[in-house]
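Chemist: Quick one, structure for this:
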Amino acid sequence: MSSYVISISREFGSGGRLVGKRLAAALGIPCYDRTIIQKTSEKSGLSPDFIARAEERARSRFHLSAAPLGMGVPALAHQGVPVGHQAFFAQSEVIRELAGEGPCVIVGRCSDYVLGERPECLKVFIHAEMSSRVERCVEEYGLPADDMARRIVQMDKGRSNYYNYYTGHTWGDMRRYDLTINSGIVGVEGAVSLIVALVKARSALDGV
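Modeler: Residues are numbered from 1 along each chain as shown. Predicted coordinates:
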């Protein structure tokens with residue numbers, strides 16, 4: 001197959017992280033998720049805890065911003081940009097470097113936006129109906145069922161705030177993805193199979 005990178009965005013509780021891990025295993029390529037925080041720390045000199053806290057603060061407050069930042073230009077990190085933004089820029093550089101090393105799966109972290117201009121990047125969004133997501137959170141994550149739907153909505157709001165602020169685009173807009181999958185209908189393995197089929201179809205077109 002030709003070179004490719006798969007970016008997976010997902011609703012909370014849709015199983016997107018698990019899809020990414022199993023997809024990477026099926027394709028025999030690395031999967032990067034939370035490990036990106038450590039790599040960003042090494043590159044930027046910011047501590048992993050600081051980066052994680054910066055992300056959490058961003059998720060909770062960016063909906064109050066008057067206008068989105070809408071940029072991922074690393075050079076701006078050296079022009080008086082707040083340290084919290086520097087974490088995002090450093091993370092973007094890490095994502096680009098990982099993508100440049102060869103085929104891989106990258107889960108979340110605005111990777112679809114960061115790599116959006118690369119023709120080898122396949123962008124996937126995993127979603128599911130609320131009942132399926134509640135069930136998954138309770139059964140797989142061991143989270144209490146009480147008030148779970150509200151917590152899921154809150155988590156999605158945080159992801160949306162973070163994504164919309166940094167990219168200037170709308171999180172979950174299906175037109176920005178090459179494939180959207182309802183994991184509540186096809187399950188994790190079904191989602192993996194669909195993405196593998198997308199990779200193969202893209203590779204076949206590249207070979208024409």
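
Chemist: and the worst-scoring helix or strand of the chain on mean pLDDT, what does it pack onto?
Modeler: Among the helices and strands of the chain, helix 48-61 carries the lowest confidence by mean pLDDT, DSSP states H and E, at a mean of 74. Under the contact definition 3 or more C-beta pairs under 8 Å, 6 or more residues apart in numbering; DSSP states H and E, helix 48-61 sits against helix 35-44, helix 83-100, helix 148-167. (Each C-beta comes from the backbone N, C-alpha and C, glycine too.)

Chemist: how many neighbours does Y166 have?
Modeler: Neighbour count for Y166, taken as other C-beta atoms under 10 Å: 24.

Chemist: quick one, phi psi at T180?
Modeler: phi -120, psi 140 (degrees, to the nearest 10).

Chemist: just checking, it touches A191?
Modeler: No - when contacts are counted by C-beta atoms under 8 Å, T180 is not listed as touching A191 (10.5 Å).

Chemist: which residues are common contacts for those two?
Modeler: Taking C-beta atoms under 8 Å, 6 or more residues apart in numbering as the contact rule, T180 and A191 both touch I126.

Chemist: Between these two, which is the more surrounded one?
Modeler: With neighbours defined as other C-beta under 10 Å, T180 and A191 compare such that A191 has more, 28 against 16.

Chemist: helices or strands up against the helix or strand harbouring the more buried one?
Modeler: Per DSSP states H and E: A191 is located in helix 183-206. If you count contacts as 3+ C-beta pairs under 8 Å, 6+ apart, helix 183-206 packs onto helix 16-27, strand 121-127, helix 130-139, strand 179-182.

Chemist: Can I get these in CSV including mean pLDDT and distance to H169?
Modeler: Shown next, in CSV, are the helices and strands packed on helix 183-206 (pLDDT from 0 to 100; distance: least, C-beta to C-beta, whole Å):
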stretch, mean pLDDT, distance to H169
helix 16-27, 97, 18
strand 121-127, 97, 12
helix 130-139, 94, 23
strand 179-182, 97, 15
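
Chemist: looking at the ones you listed, which is buried most?
Modeler: strand 121-127 (a mean of 22; mean count of other C-beta atoms under 10 Å).

Chemist: tell me the angle of that one relative to helix 130-139?
Modeler: 90 degrees (axes from the mean of the first three to the mean of the last three C-alpha atoms, to 10 degrees).

Chemist: From the contact counts, what lies against strand 121-127?
Modeler: strand 5-10, strand 179-182, helix 183-206.

Chemist: Flag every buried residue along the first one.
Modeler: Which is strand 5-10. 5-10 (16 or more other C-beta atoms under 10 Å).

Chemist: of those residues, closest to R118?
Modeler: Nearest to R118 out of the buried residues of strand 5-10 is V5 (C-beta to C-beta; 7.0 Å).
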